[in-house]
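**Student:** Fold the stuff below for me.
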Amino acid sequence: MNTRQTRRPGTVLFVTGTGTEVGKTAVTAAVAALAPSVAVLKPGQTGVAPGEPGDAEEVGRLAGPHVTLRELARYPDPLAPETAARRSGLPPLTAAEAAAEAAALAADHDLVLVEGAGGLLVRYNPAGETLADMARATAALGLEVEVLLVATAGLGTLNTTTLTAEALRARGLTSLGVVIGSWPAAPDLAMRCNLADLPTAAGAPLLGALPHGAPDTPSFPALAASALAPALGGVWDAAQFTADHA
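**Tutor:** Here you go, the predicted model:
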């Protein structure tokens, strides 16, 4: 039986995290690697100088040449986009600009992945617009919009996951599920317990766990298939994974 979730062509999936350095780019790349018609949009890239590869290029390196890559704004300082834009003197990015680009990509791809910077409510401009506002602006254009949450494995993740889930619900955004961005080879007690508790905190199913060091794996697409659930194109089984680490 084919258990993979089918979506309307042109779906836009926003990938956000419970904070910085949680594995958003690796998870974005994993989802992209398993999608046959996919574009990846990085609205605001910070901490990367002109000419240097950013998160979008890293997704392309991991997922393969079939992925269409777009970056809208780049700021050299490793700060929140609004702060980095202000310090650089470059124009900030608006939610409308990001939504328009996502819609343009959705016209030619079955799936568009939009990777945020940091967490859901990080500011992109002086008006206070966030990735959540970009998602809402994209939905207002008539596109199917979902949000994928990337969380850490260990102690503290339940609180940040719950807060992000509440922020999504308050804005009328649908959470597709949660993926653990980096699962260690030797998980501690809190990590093992969190496998059962994260779906409750997120109000959405657990859809994968990328092993620690996943971006260094030679065959990344194969790893992606084994680490993501059928809803994201893989074969990973949350119930079995949780039972194995009980």
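**Student:** ok, which stretches of the chain are helices?
**Tutor:** 24-33, 55-63, 81-88, 95-106, 131-139, 157-170, 189-202, 220-227, 238-244 (DSSP state H).
**Student:** taking the mean pLDDT, what do you get for the third one?
**Tutor:** This means helix 81-88. Helix 81-88 carries an average pLDDT of 97.
**Student:** Pick the most buried one from the helices of the chain.
**Tutor:** A comparison of those by mean neighbour count, using mean count of other Cβ atoms under 10 Å, puts helix 24-33 on top with a mean of 27. For every residue, glycine as well, the C-beta is placed using N, CA and C.
**Student:** Can you spell out which helices and strands pack onto it?
**Tutor:** Counting contacts by 3 or more Cβ pairs under 8 Å, 6 or more residues apart in numbering; DSSP states H and E, helix 24-33 is packed against strand 11-17, strand 38-46, helix 55-63, strand 111-119, strand 145-151, strand 175-183, strand 206-211, helix 220-227.
**Student:** what about 7 Å?
**Tutor:** The elements that helix 24-33 packs onto, with contact taken as 3 or more Cβ pairs under 7 Å, 6 or more residues apart in numbering; DSSP states H and E, are strand 11-17, strand 38-46, helix 55-63, strand 111-119, strand 175-183, strand 206-211, helix 220-227.
**Student:** List of residues touching the last one?
**Tutor:** Just to be clear, that refers to helix 220-227. With contacts defined as Cβ atoms under 7 Å, 6 or more residues apart in numbering, helix 220-227 is touched by 29-30, 33-34, 62, 64, 208-211, 214, 217, 234-236.
**Student:** Over to the third one?
**Tutor:** With contact meaning Cβ under 7 Å, 6+ apart, helix 55-63 is reached by 25, 28-29, 32-33, 40, 42, 45, 67, 69-71, 115, 215, 220.
**Student:** between that helix and helix 220-227, how many degrees?
**Tutor:** Helix 55-63 runs at 90 degrees relative to helix 220-227, counting by axes from the mean of the first three to the mean of the last three Cα atoms, to 10 degrees.
**Student:** can you give me the angle helix 55-63 makes with strand 111-119?
**Tutor:** 120 degrees.
**Student:** Quick one: mean pLDDT for helix 55-63?
**Tutor:** 97.
**Student:** same deal with the shortest one?
**Tutor:** Averaging the model's pLDDT scores along strand 206-211 yields 98.
**Student:** Show me what counts as buried in that strand.
**Tutor:** For strand 206-211, burial by neighbour count (16 or more other Cβ atoms under 10 Å) applies to 206-210.
**Student:** Which neighbouring elements make contact with that strand?
**Tutor:** Applying 3+ Cβ pairs under 7 Å, 6+ apart, one finds that strand 206-211 contacts helix 24-33, strand 175-183, helix 189-202, helix 220-227.
**Student:** Could you say which one of those comes nearest to Ala167?
**Tutor:** The closest of the helices and strands packed on strand 206-211 to Ala167 is strand 175-183. By Cβ to Cβ, the value is 10.2 Å.
**Student:** Contacts for the closest one, please.
**Tutor:** Strand 175-183 is contacted from outside by 13, 22-24, 26-27, 146-153, 161, 165, 168, 198, 202-212, 231, using Cβ under 7 Å, 6+ apart.
**Student:** and it, how far from the chain's centre?
**Tutor:** Distance, stretch centre to chain centre, for strand 175-183: 9 Å (Cα atoms, centre = their mean, to the nearest Å).
**Student:** So in that sheet, which strands flank it, and in what orientation?
**Tutor:** Strand pairing for strand 175-183, using DSSP bridges, gives strand 145-151 (parallel), strand 206-211 (parallel).
**Student:** C-alpha coordinates for the first one, PDB please?
**Tutor:** Output for strand 145-151, consisting of C-alpha atoms alone and laid out as PDB, is shown next (Å, rounded to 0.1, in the frame of the first residue of the first chain):
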ATOM      1  CA  VAL A 145       0.500  26.200   2.900                       C
ATOM      2  CA  GLU A 146       1.800  24.000   5.600                       C
ATOM      3  CA  VAL A 147       4.600  24.300   8.200                       C
ATOM      4  CA  LEU A 148       7.200  21.700   9.200                       C
ATOM      5  CA  LEU A 149       8.800  22.200  12.600                       C
ATOM      6  CA  VAL A 150      12.400  21.200  13.200                       C
ATOM      7  CA  ALA A 151      13.200  20.500  16.900                       C
END
